[in-house]
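In: here you go, sequence then predicted model.
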Amino acid sequence: MQKINRNVVLALLSLTSLVFLLFQLCYYKFYLSQKNGAAFSKVRGSQSGQDSTRWHVVRKFLGLISSHNIPVYLIDPLILGLVDKDIEQIRSSPDGPSPECKYFCAPRDFTTFALLDKTWKHEVGLFRTAEKMGFQWLKIINKDPRLDGMDDLSGMEIPLHYIFKLASHAIHLVVFYERNGNFLWHGPLRLKQHMDRKFVPFRKLHFGRYPGAYEKTELLLVSIDDLKVQIPKNPSSFLEEMSHSRFLECRYREARAFFQLYPDDASLDAVEFRKKAKSLLHLSALTLNNLGVKFWLSSGTCLGWYRQCNIIAHSKDVDLGIFIRDYKADIIPAFQKAGLPLKHKFGKVEDSLELSFQGEGDVKLDIFFFYEEDDHIWNGGTQAKSGKKFKYLFPKFTLCWTEFVELKVHVPCETLQYVEANYGPEWKVPVKMWDWKSSPSNVQDNGVWPIDEWDNVIQIY
Amino acid sequence: MDEWKPNPAVKPHKKRSWYLAWKYKLMNQRALRKLCQTGAVLFLLVTVIVNIKLILDTRRAAYEEEEESAQDYDDEMLNVEVPRHPVNNKKVLDVEVYSSRSKVYVAVDGTTVLEDEAREQGRGIHVIVLNQATGHVMAKRVFDTYSPHEDEAMVLFLNMVARGRILIFTIKDEGSFHLKETAKNVLKSLGSQVAPFLSWRDMWTFVGKKGGEVYGEKHAKSPALSTWGDPVLLKTEVHLTSVEDAECHWPDTELNRRRKRFCSKVEGYGSVCSCKDPTPIEFNPDPLKDNKVFDVPVAVIAGNRPNYLYRMLRSLLSAQGVNPQMITVFIDGYYEEPMDVVELFGLSGIQHTPISIKNARVSQHYKASLTATFNLFPDAKFAVVLEEDLDISVDFFSFLSQSIHLLEEDESLYCISAWNDQGYEHTAEDPSLLYRVETMPGLGWVLRKSLYKDELEPKWPTPEKLWDWDMWMRMPEQRKGRECIIPDISRSYHFGIVGLNMNGYFHEAYFKKHKFNTVPNVQLKNVESLRKDNYETEIHRLLGEAEVLDHSKNPCEDSFVPDTEGRVYVMFIKMEQEADFTTWTQLAKCLHIWDLDVRGNHKGLWRLFRKKNHFLVVGVPASPYSSKKPSSVTPIYMEPPAKEEGAVAVPAAAEQT
C-alpha cells in the first residue's frame, strides 16, 4: 500500500512538473519573441505579405512625412543590404507591384530613415499629425557642433534623432547636417536624464552610437514592397561608407583653454603660413581622394588638430600618413600634376618609405607611409647625409573622420595615444625647436641603409 | 537504487529481442517500480533546475536590457533640468514703489524689479508693466518727461499696453515739466487722482490696472521751486487674475501659439498682441521669379534693441523673395527680449557672449556672426549682412538677385551694398540705376565667402584692438582697391538712433532724409555695365554726352543746375591728388549730403542727381576722367572754413556708421 502511494504521489508530481515545464517553455518562448519585437510575427506569414506590422508602420510613416513634404530617404542597413542584391531589378521596374513582401516584412525593431536638415522647416505640425496617427515620438536634441568651435556662441539646440513608435515597430529618423568640408554629419544619440530609457531598445539602433560623416549622396526613388521610398543611389557604397563613418569632433573646449595659456600667433607671417598650409592640405586631399588613397593627418598637423583645432603656426609643413598597403605608384605623378614637385623620396615601398613635395612658398608636404605589425604600427625616417634609418613606433590605431580647416579628413581615432607616442606626455606644451631625429619620444635607431642602395632610397631633388 | 543502473548500451545478450527485454522488465515488478521512481525523481530534479535557470535568465535579460538602453547612449553631461519656479499659486502680489529725487525702486513680492540710483540718469517717469496673471515684468520704460516730446512717447506706449495689465509708475527727480495735458488725461483715465495736478519736482507713485481698479497712489508735493517733494514709498497689494483671463482667445494655430508665448511675456509691441485683430506675424510676400539669392544666408546682427529688431524683421520678412529659413539673428549678449522677438517670427537666433568693450565688442560680434553663418550654411558662397536698425526695401532681394552674379564673376568687386551714402531725397532719383564706388557703405550688404574666409577672418582685428569692423574693412590693406556696387536709391533705411555712437541730432542730419525705395520689382538697368571694364566705357559715354555746367556760378546755389529734367550735367572741381578732398567736402556740405568723410567716389568721380538731372562731379587733375574737361573750364575750388573742421569731423564720423 505504502509503495503504491509513493508511486502515485511521484507520478502526480511528475505530471504537474511536466505541465509546469511546458508552460514555462511556452512562456519563455513568448518572452523572447516579444523582446525581439516580433510578437506579431505569428500573425503574418511572409507569403501573405503586406499585412505585417512593420510594413504598415513604415507605410504610415511615409504617408505622414509625405503629407508634410519632408523628403526622407531610407538608410536602414539591413534593408539596403537586401535591396543592393536586387538593385538592377529594382531600378528597372520602378513601379511594378511586388509579388511578395521581401524587404519591409522581416521582423525588426527599427527601420531607419535619414533626413537632410536643410530640406525641411521644423514644423511642429508634423508631430501633431504623428500623434493623431497613433505614433509616439521622441526627439533627441543637442548642441549644434557647427557652432561648437566658436567662442561663446550659444545657438538653439538642434534635433539629431527622432524616433516614431507605433505598436511594436519604431522608425528611427536620423537628421543629417551639412558641414564645412562638403560632407554630411549626423550626431550621436545621447539620452538625457529625464528621457525614457525604455522607449525603444536603443542598443539595437544602427546609427547613433557615434557621430558619423558621410559624403553627400544622390538619391533614387524606388518602389519596394509596393512602397515608394528614396534610397541612396548606390546602396553598396553607402553601406561601405557606413562601416567606417565614425566622426570625431575637434576638442574645441580644450583648444580654447590652450589658447588661453598660449595666445595664438596673430602675426602676418602666421596668417600667411596658415593660409598656405590650408590650401596645400586642400590640394593634397583632393589629389589623394581622386586616387582613392586613404590618408590621415599625422605628426604636427595631427597635433595641431588635436591640441588647438588649427594648423600650428610655427610648424613648417603639412604631414600626412598613409598605410603602405594603400600605396600606389601613381601618387608621385599625381602630385606633380597637381603642381607639387617631388622634393625628396626616402626609403622604398618595402621599407621606411617617405615622400616630400614642395608646396607653394616654402610649405612642404610630408607623406609618411605606415607599416603594420602584429602589435604596433611604424613609419620610417632617413637622414640624408649619413644614410641612418629611424623608426617611429605607434600603438595600433583605426581611422575616424573629422572636420579640419573646412575639410573632411581622417585622423587616428585613438588620437591621444597617437599624439603621445609621437610627442610624449608633454605634448600640450608648444615646442618651437623640434628635431625629428631626437625629439620624438617614439624614435628608434634602425640601422643604416647599405651604401649600394643609397641611390634608390635617398633621392633628393 | 544506486547499485542498479539500467544501461541500454550494455546488452549482454545481443540476440535477445527488445520485446523480450520489455517483457522481462514487466515481470520484474520491483525493477519497474524502481525505474518509475527514479525517473520521476530525476524528472522533478530537472524541472527544478530548469526553473531556477529560467528565473536567472529572465532576471539577467531584464537587467541587461536596462543596462543596454542606458550604456553608450547616456548624455555625458548630466543635463539636470532645473525645475522652473514652482507655479505661484498665490493670488496676491505685494508691490513696493519708491519715488524720490535721486532713487527709485520697485519691488514685487520682495524681488527688486527696478532700481535706479545712478546720478544724472533715469530722470522722469519710470513705467513697469506686469502680467496680471503671473506677475512677471513684461516691460520697463523710462520717459524723461522733463524734456519735450517724451510725454508723447509715453502716451504711445501706454496706449499699446493691453487692457488688464498692471501698470506701475514712479518719478525720479522731475517728471512734470513737459508732461502735457494729453498725457495727464491718459494717466487720469488709468485712475490716477493726482496726475492732473502733478507739478514741478513732485514725487509720485501709482499702481493700477489698465482699464480697471487702482491699487494705490502716493504723492508728495514739492514745497518750493528749489526743493523736491519728500520721498514717497507706496506699499500695496495686487490681486492676480487667472491665466485664462489674461490671455486672448485666438484660434489655436501654430502661429498663434507663438504669438501667445510672446504676448504673455512682453509688452509694448502694439497690435501684434491685440485680442481682436492682431497684426500678422507671417507675411508670405510674393516669391521672386528666378531668385538667385534664395539660398543665400542672411545674418541679422542685433544688440539689445528688441523694438528695433521687431520693426526690422517685419520689413525683412515682408520683402519679396525672402527665405525665412536662411535667416539667423545674432544677438550680442544674453538678452531675453530680442530672443522673444526672434521666436515670435519663428526664426532662429543665436546669442553671443560679449567679448571686449565698445567698438571692439561690436567687431567681435560681427566676426563670430559671420563665421557662424558660413558654418551653418557651408554651401553658401555669399552672406547677406543686416543690422537690427534697418528697414529693408520690398525689392531688396530682387535687387540682389539681379546683381549677385557680378560679385561672383568680377574679382574687382568687394561687396554689393543696399545703401547709397549720397542717396538723399534730393540727390537720388533712379531706382534702376547702379554705381561702382570705392567706399564700403555697409548697412545691408553682401559678403563673398572666399573674401571672408581667405582674407578677412584670419586677420580680423583681435578683441584688444578697439577698432570698428567697418572702418577696418574700408582700410586699403583689406579693400585692396576693390569696389562695391550700390544702387542710386537705397534698398535699406537706417532708422536707428539710439545706437552705440549715435545721437538724435546726428541721425536727423545725416540719415533721416535718406531716400528709400518702396517700388516693388524694379528691373535694374544695364547690370552688365557694372563690370570693371564695361563701367569705364559707360562713364566715358556718360561724360561724352554730359553738358558742362557754367563754372562761373556758385555750385551751392540751386541755379547752378538749370531747371531741366533727365539731362546729364558735369562739373569739375579741384582735386590735386587722389587724396585731396578739400573741395569735394565743401561741396558735399553745401549740398547737404554726407560730408563727414569721403563716400561714393569712383576714380575721382561722384555721381548723384540734382533737380532730377544726373549730376557728375569730376576731380581735376587727379581723376583719369579729367581729360574730358574742356580746356576753357577752370575747376572750381572751394575753400574750407578757417578752422579745419573737416579734419576734426572725420575721426568722429569714423565711429558713426
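Out: Noted; the coordinates are in hand.
In: now chain B against chain A: closest residue?
Out: Residue nearest to chain A within chain B: B:Thr353 (3.4 Å; CB to the nearest CB). C-betas here are computed from N, CA, C, even on glycine.
In: now that residue. Nearest residue, chain neighbours left out?
Out: Distances taken as CB to CB, 6 or more residues apart in numbering or on different chains put A:Asp152 closest to B:Thr353, at 3.4 Å, once the chain neighbours are dropped.
In: so what's that neighbour up against?
Out: By CB atoms under 8 Å, 6 or more residues apart in numbering or on different chains, the residues touching A:Asp152 are B:352-353, B:355, B:368.
In: now B:Pro520: which helix or strand?
Out: B:Pro520 belongs to no helix or strand when assigned by DSSP states H and E.
In: and it, what's its pLDDT?
Out: What the model reports as pLDDT for B:Pro520 is 93.
In: correct me if wrong: it contacts B:Ser318.
Out: No: in this structure, B:Pro520 is not within contact of B:Ser318 by CB atoms under 8 Å, at 10.5 Å.
In: who touches both of the two?
Out: Shared contacts of B:Pro520 and B:Ser318, counting by CB under 8 Å, 6+ apart, come down to B:Val394.
In: tell me which of those two has more neighbours.
Out: Neighbour totals were compared for B:Pro520 and B:Ser318, and B:Ser318 leads with 17 against 13 (other CB atoms under 10 Å in any protein chain shown).
In: is the residue in the stretch 201-350 of chain A that chain B sits nearest to in a helix, a strand, or coil?
Out: Per CB to the nearest CB, A:Arg203 is where the stretch 201-350 of chain A lies closest to chain B, at 3.9 Å. Under the three-state scheme (DSSP: H, G, I helix; E, B strand; the rest coil), A:Arg203 adopts helix.
In: can you tell me how far it is from A:Leu191?
Out: Per CB to CB, to the nearest Å, A:Arg203 is found 12 Å from A:Leu191.
In: who's more crowded, these two?
Out: A:Leu191 (19 against 16).
In: that one reaches A:Ile140, doesn't it?
Out: Yes: here A:Leu191 reaches A:Ile140: they are 7.2 Å apart, a contact under CB under 8 Å.
In: so where's chain A uncertain?
Out: Along chain A, the parts satisfying pLDDT under 70 run over A:1-4, A:27-51, A:94-98, A:151.
In: just want the residue of it that's nearest chain B.
Out: For chain A, CB to the nearest CB, closest residue to chain B: A:Asp152, 3.4 Å.
In: residue ranges of the helices in the stretch 201-350 of chain B, please?
Out: With helices called from DSSP state H, counting those that start in this stretch, the stretch 201-350 of chain B shows them at B:243-246, B:254-263, B:306-318, B:336-344.
In: try the stretch 51-200 of chain A
Out: Using DSSP H, counting those that start in this stretch, helices in the stretch 51-200 of chain A cover A:53-67, A:77-85, A:87-92, A:125-132, A:145-148.
In: with distance to B:Ser192 and mean neighbour count added, can I get these in TSV?
Out: Converted to TSV, the helices of the stretch 51-200 of chain A look like this (distance: least, CB to CB, whole Å; neighbours: other CB atoms under 10 Å in any protein chain shown):
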stretch	distance to B:Ser192	mean neighbour count
helix A:53-67	56	19
helix A:77-85	72	17
helix A:87-92	78	12
helix A:125-132	47	15
helix A:145-148	49	20
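In: redo those as a markdown table? Include distance to chain B.
Out: As requested, these are exported to a markdown table (distance: least, CB to the nearest CB, whole Å):
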| stretch | distance to chain B |
| --- | --- |
| helix A:53-67 | 15 |
| helix A:77-85 | 18 |
| helix A:87-92 | 29 |
| helix A:125-132 | 6 |
| helix A:145-148 | 4 |
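In: show residues contacting the host helix or strand of B:Ile171.
Out: Element membership of B:Ile171, judged by DSSP H and E, is strand B:166-172. Strand B:166-172 is contacted from outside by B:95, B:97-104, B:106, B:114, B:116, B:122-132, B:142, B:158, B:161, B:187, B:190, B:192, B:202-210, B:215, B:238, using CB under 8 Å, 6+ apart.
In: thinking again about what came up before, mean pLDDT for the helices of the stretch 201-350 of chain B - can I get that in JSON lines?
Out: Shown next, in JSON lines, are the helices of the stretch 201-350 of chain B (pLDDT from 0 to 100):
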{"stretch": "helix B:243-246", "mean pLDDT": "79"}
{"stretch": "helix B:254-263", "mean pLDDT": "91"}
{"stretch": "helix B:306-318", "mean pLDDT": "94"}
{"stretch": "helix B:336-344", "mean pLDDT": "94"}
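In: nearest to B:Lys589, of these?
Out: helix B:306-318 (29.6 Å; CB to CB).
In: which helices and strands sit right next to the closest one?
Out: strand B:298-302, strand B:327-332, helix B:336-344, strand B:382-387, strand B:390-392 (3 or more CB pairs under 8 Å, 6 or more residues apart in numbering or on different chains; DSSP states H and E).
In: from A:Asn379, how far out is A:Ser299?
Out: To A:Asn379, A:Ser299 is 9 Å away according to CB to CB.
In: can you check B:Ile539 too?
Out: From B:Ile539 over to A:Asn379 (counting by CB to CB), the distance is 62 Å.
In: is chain B contacted by stretch A:176-193?
Out: Yes: interface with chain B: stretch A:176-193 contributes A:178-182, A:189-193 (CB under 8 Å from any CB of the partner chain).
In: hang on, the earlier thing: right, and the pair among the contacts of A:Asp152 with maximum separation?
Out: B:Thr353 and B:Ala368 (9.1 Å).
In: who has more neighbours, those two?
Out: Per other CB under 10 Å, whichever of B:Thr353 and B:Ala368 has more neighbours is B:Ala368, with 23 against 14.
In: what's the pLDDT at that one?
Out: B:Ala368 is assigned 92 on the pLDDT scale.
In: now the helix or strand encompassing it, how far from the centre of its chain.
Out: B:Ala368 is part of helix B:358-376 when elements are defined by DSSP H and E. With CA atoms, centre = their mean, to the nearest Å as the basis, the distance from the averaged C-alpha position of helix B:358-376 to the chain average is 13 Å.
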